[in-house]
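# give me a model of this one.
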Amino acid sequence: MYIEKVEHILKDHEKNKKYKRMLEIELECIGETGISAVNYSREKISETNKVNRSTEKIALRNISKEQSEEEEREDLRKEIKALDSLIRIIEISLTMLEEVERKIIEKFYFEEKAYNVIEREIYLTHRQIKYKKKNALNKIREILETLEERNQKVS
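Numbering: from 1, shown residues only. Predicted structure coming up:
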């Protein structure tokens, strides 16, 4: 895995958290109503108790709608799970950094602050910040690679 990919993952971290929350809200909004009963009281039923064609169509439409909603819920659950895993991996990897490295990563990627602002906030030179940022990115890359290798062995 390249450092650029790690940087991309870090830059998207805050967006991923917001997107995950939006997906969770969307999942909540998809009706968990199930298939409602069809009222046969007004339907004309023949002597053989055959249901008329329009009632059958309504029932089939309800079943089809419920199936598509369930597929949509399942797709959302999978996407939420994948985002949640990535978010947790990044947050755990940040805890494995030295405090100053973590602060630099958070300020640079999550808060999108420029080097000169970070310099003033944590009292380090531009060169020191670049060096510590590079070390932190390498540590995160190693963590992500280790997890990726484990996942490939399991699969």
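# low pLDDT regions in the chain?
1, 31-52, 54-60, 62, 155 (pLDDT under 70).
# please enumerate the helices of it.
3-11, 13-29, 53-95, 99-105, 115-122, 126-154 (DSSP state H).
# deepest in the core, which of these is it.
Among the helices of the chain, helix 99-105 has the highest mean neighbour count (mean count of other CB atoms under 10 Å), at a mean of 19. Just so you know, the C-beta spots here come from the backbone N, C-alpha and C atoms, and that holds for glycine as well.
# how far away is the residue nearest to the spatial centre of the chain from residue 20?
Taking CA atoms, centre = their mean, the centroid of the chain lies closest to residue 83, which sits 2.5 Å from it. Distance of residue 83 to residue 20, given as CB to CB, to the nearest Å: 4 Å.
# got it, and residue 67?
25 Å.
# what of residue 68?
From residue 68 across to residue 20, the span is 23 Å (CB to CB).
# how about residue 119?
33 Å.
# cool, residue 69 as well?
Taking CB to CB, one finds residue 69 at 20 Å from residue 20.
# and residue 134, by the same measure?
For residue 134, the distance to residue 20 - CB to CB - is 29 Å.
# what do you get for residue 61?
Residue 61 is 33 Å from residue 20, by CB to CB.
# same check, this time on residue 152
For residue 152, the distance to residue 20 - CB to CB - is 25 Å.
# check residue 78 too.
Distance from residue 78 to residue 20, by CB to CB: 12 Å.
# do residue 126 as well
Computed as CB to CB, the residue 126 to residue 20 distance reads 34 Å.
# and residue 76, by the same measure?
For residue 76, the distance to residue 20 equals 10 Å [CB to CB].
# correct me, but residue 26 touches residue 73?
No: the criterion here is CB atoms under 8 Å, and residue 26 misses it with residue 73 at 9.5 Å.
# list residues touching both of the two?
When CB atoms under 8 Å, 6 or more residues apart in numbering defines a contact, no residue borders residue 26 and residue 73 alike.
# can you count the residues close to the residue nearest to residue 73 when sequence neighbours are not counted?
The spatially closest residue to residue 73, leaving aside those adjacent along the chain, is residue 30, at 5.5 Å (CB to CB, 6 or more residues apart in numbering). For residue 30, the neighbour count with other CB atoms under 10 Å is 12.
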